[in-house]
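Engineer: Build me a structure from this.
(3 chains)
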Amino acid sequence: MTNNIPVELEVLAPRSESLRFLKHGWPDPLCRWHSHKECEIHLLVASHGKAFVGDYIGDFGPGSLFLTGPHLPHNWITDDAYSDPVGLRDMVIQFDQDRLLTLMQAFPEFNSLMAMLEQAQSGIEFVGIDPEHVQALIEASFDASGTAQVMPFLELLLHMSRHAEKRSLSVQKLYHNERSAKQLRITEVVDHVVKNYAEDMSVQMAADMAGMSPATFSRSFQTVTGNRFVEFVNRVRIGQACGMLYATDDQVTTICFQVGFQNLANFNRHFLAKKGMTPSAYRETARRELTRADLAMAVETAQ
DNA sequence: ATGGACACCTCTTACGCGCA
DNA sequence: TGCGCGTAAGAGGTGTCCAT
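Structural biologist: The predicted model follows:
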């Protein structure tokens, strides 16, 4: 999907090590809306706030664990209620996905990681994972060097891949890996929704496009995408509205109609349900974040 | 701009069936 | 056995109006 949100690109210097470790507190100039080609394991150790991954916004707290794929923009903003600085808020491991793919080619035993890497294209939250074990593995990898650094990291990846509840976050690339004839027809509909979200979208129209009855389409769509059709359409529209709220000064009413909603009350209702805040509150929050990114860049430039 | 109330309508889902 | 269809009931989404 297209997204108008300006994203800061983080370029990581080439290194002899395959892993990059970061620990930071809050506030920290490194905490900003950005993307990079590396995958990122992100463990929140302290504080509560909002997670921004692609077009997703959700809550995080101590023990929240996320995995973001290549070039997926992200940030974690601690709530304003936490006015006191936090010494250690985040533990981060960044790694090159291509290295893992090479590993899987050499050792098929690691192929179980493939599904998780594909799901990470849209971001994953590992709901209910044991944070102490995760933190211990990150610490073990962080404190080691050479090959000893890699083993706890691989154990962590395998532990994450085996975790049952992996919640996909952004609508981006949700339909990435569908291949059967039925899945391809559903994927065509998904593409159409993503590209034409502002147009009228009914199950009847979508079913016609997929060559199915509405009831069959409804079942197939949920099987393939994990979403109900109406929920998916609204999610795409809300995601696009987020970008417009962030990047333009258009009125909420204008954006509501631009993304395909037929009335403002319905738009507000869905926006609040999906984002946990009103459109105007979202705009305020998102722009405060942009200001933080600008300040961080200004600090780095001055140094 | 936001959110509540309400009536209406669309969509989802379960079930049974036929077809390949 | 798997897939798709038709039907019907209930759930949930939508549009409108209005108050704040």
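Engineer: Would you confirm that A:Ala198 contacts A:Val259?
Structural biologist: Yes - if you go by Cβ atoms under 8 Å, A:Ala198 and A:Val259 touch, sitting 6.0 Å apart. (C-beta placed from N, C-alpha, C; glycine too.)
Engineer: Looking at those two, which one has more neighbours?
Structural biologist: A:Val259 (20 against 13; other Cβ atoms under 10 Å).
Engineer: which residues in the stretch 101-250 of chain A form strands?
Structural biologist: Secondary structure of the stretch 101-250 of chain A (DSSP state E, counting those that start in this stretch): strands at A:124-126, A:166-168.
Engineer: quick one: which of the ones you listed has the weakest pLDDT on average?
Structural biologist: Mean pLDDT values for the strands of the stretch 101-250 of chain A show the minimum at strand A:166-168, a mean of 80.
Engineer: quick one on the thing from earlier: switch the strands of the stretch 101-250 of chain A over to CSV; also include distance to DNA strand B and mean neighbour count.
Structural biologist: Shown next, in CSV, are the strands of the stretch 101-250 of chain A (distance: least, Cβ to the nearest atom of the strand, whole Å; neighbours: other Cβ atoms under 10 Å):
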stretch, distance to DNA strand B, mean neighbour count
strand A:124-126, 22, 23
strand A:166-168, 17, 17
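Engineer: out of the ones you listed, which comes closest to A:Leu103?
Structural biologist: Within the strands of the stretch 101-250 of chain A, the stretch nearest A:Leu103 is strand A:124-126; the backing value is 19.4 Å (Cβ to Cβ).
Engineer: In terms of secondary structure, what does that closest one contact?
Structural biologist: Strand A:124-126 sits against strand A:65-68, strand A:166-168, with contacts defined as 3 or more Cβ pairs under 8 Å, 6 or more residues apart in numbering; DSSP states H and E.
Engineer: can I get those strands in CSV with distance to DNA strand C?
Structural biologist: Conversion of these to CSV gives the following (distance: least, Cβ to the nearest atom of the strand, whole Å):
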stretch, distance to DNA strand C
strand A:65-68, 26
strand A:166-168, 18
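Engineer: For the ones you listed, give me TSV that also has distance to A:His24.
Structural biologist: Conversion of the helices and strands packed on strand A:124-126 to TSV gives the following (distance: least, Cβ to Cβ, whole Å):
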stretch	distance to A:His24
strand A:65-68	15
strand A:166-168	24
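Engineer: so which of the strands of the stretch 101-250 of chain A gets nearest A:Ala148?
Structural biologist: Closest to A:Ala148 of the strands of the stretch 101-250 of chain A, according to Cβ to Cβ: strand A:124-126, at 24.6 Å.
Engineer: what's the offset of the closest one from the middle of its chain?
Structural biologist: In terms of Cα atoms, centre = their mean, to the nearest Å, the centre of strand A:124-126 is found 9 Å from the chain centre.
Engineer: What strands line up against that strand, and which way round?
Structural biologist: strand A:65-68 (antiparallel), strand A:166-168 (antiparallel) (DSSP bridges).
Engineer: doesn't A:Lys274 make contact with A:Asn234?
Structural biologist: Yes - the criterion here is Cβ under 8 Å, and A:Asn234 meets it with A:Lys274 at 7.4 Å.
Engineer: Comparing those two, which shows the higher neighbour count?
Structural biologist: Remark: of A:Asn234 and A:Lys274, A:Asn234 carries more neighbours, 24 against 20, as counted by other Cβ under 10 Å.
Engineer: Nearest spatial neighbour of that one, chain-adjacent residues omitted?
Structural biologist: Among residues not flanking A:Asn234 along the chain, A:His270 sits closest, at 5.1 Å (Cβ to Cβ, 6 or more residues apart in numbering).
Engineer: Repeat that for A:Ile238.
Structural biologist: Nearest non-adjacent residue to A:Ile238, counting by Cβ to Cβ, 6+ apart: A:Lys274, 5.0 Å away.
Engineer: Confirm the one you found sits in a helix?
Structural biologist: Yes - according to DSSP: H, G, I helix; E, B strand; the rest coil, the state of A:Lys274 is that of a helix.
Engineer: thought it was touching A:Arg235?
Structural biologist: Yes - with contacts counted by Cβ under 8 Å, A:Lys274 reaches A:Arg235, the gap being 6.7 Å.
Engineer: just to revisit the earlier point, the residue nearest to A:Asn234: neighbour count?
Structural biologist: Around A:His270 there are 18 other residues, counting by other Cβ under 10 Å.
Engineer: Which of the three states applies to it?
Structural biologist: Assignment for A:His270 (three-state DSSP): helix.
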